[in-house]
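# Pasting the sequence and the predicted model now:
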Amino acid sequence: MKAFLTALTVGTAVIAAPAMAQSTTTTWDGPYVGIQGGYAITEADSGETLVFDGNGDENFTDTVRTAAGANAFSPGFCDGNANSGVAANGCEDDQDSWLAGVRAGYDRQVGPVVLGVVADYTQSKLRNYVSGFSTTPASYTFTRTVRNQASLRARAGVTSGDGLLYATGGLAWARVQNRFTTTNTANSFTPNNDEEGAWGYVLGGGYEHKLTDNVSLGLEYQWRNLKADDFQVAVGRGSAPATNPFLIGGAGGTDIERLNGRFKTHGLTANVNFRF
């Protein structure tokens, strides 16, 4: 993360330096459209885990226990994609992604101050994982994949010469694909949904520099915080015996849910804008 933010600071300074030495010579009034591309990383949340409802009361506070009373998930959990059914083999990190998309906005300039609104749409392949391990041994992995993102934001900045340094923030949305995988071949597993929309907010800032009256280049950082709906998996008997830990909680099965519904990303994009 420190390297990512350092690159943002250095990149912005390199682009901005020539323009900041000039007096204001251009106007930012009017609409614009553009294209953008860059890279985003997922932010790992500490303490992500799986929770269980073993008695059907819809409270995910139960412990899945073996017939002997031991915690069936004593090997633990990880913020990642399980490498195997054995906890000691560890997990892969969340998956970062390249971004590509389009943007459109409108600016109004009052003296050196520019106020505006901008919308963007990007495609990506960001993945966030949470895995749990049972004593069987077996792994249970919940995956969220973000392929489409959009935002509607306000932005406010100050001009100097042909440059505009600004802050931005507003509403964010993403299409989230849910997936569940496991190395457990005895029980049956039924997810409650496979795709959903996630809403949240975005904060960031950037620098834009005019090459001509109608064409500008920019560099922008965004931090997105999205809240996805609960993703649950109902565990049934399958071919497992009645002593199976998922079956002895009193409801004839167990529901599993990932505890953290947040999806946070850091993105840095370059953009080309056309004003008219």
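Looks like it arrived, so ask away.

# Tell me where the stretch 1-150 of the chain has strands.
Using DSSP state E, counting those that start in this stretch, the strands of the stretch 1-150 of the chain run over 30-42, 50-53, 76-78, 81-82, 91-92, 97-110, 113-134, 138-160.

# how about the ones you listed in CSV, adding distance to residue 173?
(Glycine included, C-beta is placed from N, CA and C.) Formatted as CSV, these follow (distance: least, Cβ to Cβ, whole Å):
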stretch, distance to residue 173
strand 30-42, 15
strand 50-53, 26
strand 76-78, 29
strand 81-82, 25
strand 91-92, 27
strand 97-110, 13
strand 113-134, 10
strand 138-160, 5
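
# Looking at the ones you listed, which is nearest to residue 244?
The minimum distance between residue 244 and the strands of the stretch 1-150 of the chain falls on strand 113-134, with 10.5 Å, by Cβ to Cβ.

# helices or strands up against the closest one?
Helices and strands touching strand 113-134, as assessed by 3 or more Cβ pairs under 8 Å, 6 or more residues apart in numbering; DSSP states H and E, comprise strand 30-42, strand 76-78, strand 81-82, strand 91-92, strand 97-110, strand 138-160, strand 163-182, strand 262-275.

# Can you list the neighbours in contact with the third one?
By Cβ atoms under 8 Å, 6 or more residues apart in numbering, the residues outside strand 81-82 that reach it are 89, 91, 92, 127, 129, 131, 133, 139, 140, 141, 143, 183.

# one more time with 7 Å
The list of residues contacting strand 81-82 from outside it, by Cβ atoms under 7 Å, 6 or more residues apart in numbering, reads 91, 92, 129, 131, 133, 139, 141.

# likewise stretch 244-261?
By Cβ under 7 Å, 6+ apart, stretch 244-261 touches 45, 48-56, 60, 62, 64-67, 72, 130, 140, 142, 186-187, 227-228, 230-237, 240.

# Derive a PyMOL selection command for the buried subset of those.
Here is the PyMOL command that selects the buried residues among these (16 or more other Cβ atoms under 10 Å):
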select buried, resi 48+49+50+51+52+53+54+60+62+64+65+66+72+130+140+142+187+228+231+232+233+234+235+240
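
# Any stretches of this protein with poor pLDDT?
For the chain, the stretches with pLDDT under 70 are 1-25, 46.

# mind redoing it with 80?
1-26, 44-47, 259-261 (pLDDT under 80).

# most neighbours per residue, which of the strands of the stretch 1-150 of the chain?
Highest mean neighbour count of the strands of the stretch 1-150 of the chain: strand 81-82, a mean of 23 (counted as mean count of other Cβ atoms under 10 Å).

# That one: partners in the sheet, and parallel or antiparallel?
Counting by DSSP bridges, the strands paired with strand 81-82 are strand 91-92 (antiparallel).

# Now do the strand it pairs with: everything it contacts.
With contacts defined as Cβ under 7 Å, 6+ apart, strand 91-92 is touched by 78, 80, 81, 82, 83, 131.

# roughly how far out does that strand sit from the chain middle?
With Cα atoms, centre = their mean, to the nearest Å as the basis, strand 91-92 stands 18 Å off its chain's centre.

# Then stretch 264-276?
Distance, stretch centre to chain centre, for stretch 264-276: 17 Å (Cα atoms, centre = their mean).

# Put the alpha carbons of it into CSV.
Only the C-alpha atoms of stretch 264-276 are listed here, as CSV (Å, rounded to 0.1, in the frame of the first residue of the first chain):
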residue,chain,number,x,y,z
LYS,A,264,-12.7,-2.3,-0.4
THR,A,265,-10.4,-1.4,-3.3
HIS,A,266,-7.7,1.1,-4.1
GLY,A,267,-7.4,2.2,-7.8
LEU,A,268,-5.1,4.4,-9.8
THR,A,269,-6.1,5.3,-13.4
ALA,A,270,-4.9,7.5,-16.2
ASN,A,271,-7.5,9.2,-18.4
VAL,A,272,-7.9,11.1,-21.6
ASN,A,273,-10.7,13.6,-21.8
PHE,A,274,-12.4,15.3,-24.8
ARG,A,275,-14.2,18.6,-24.0
PHE,A,276,-16.8,20.3,-26.1
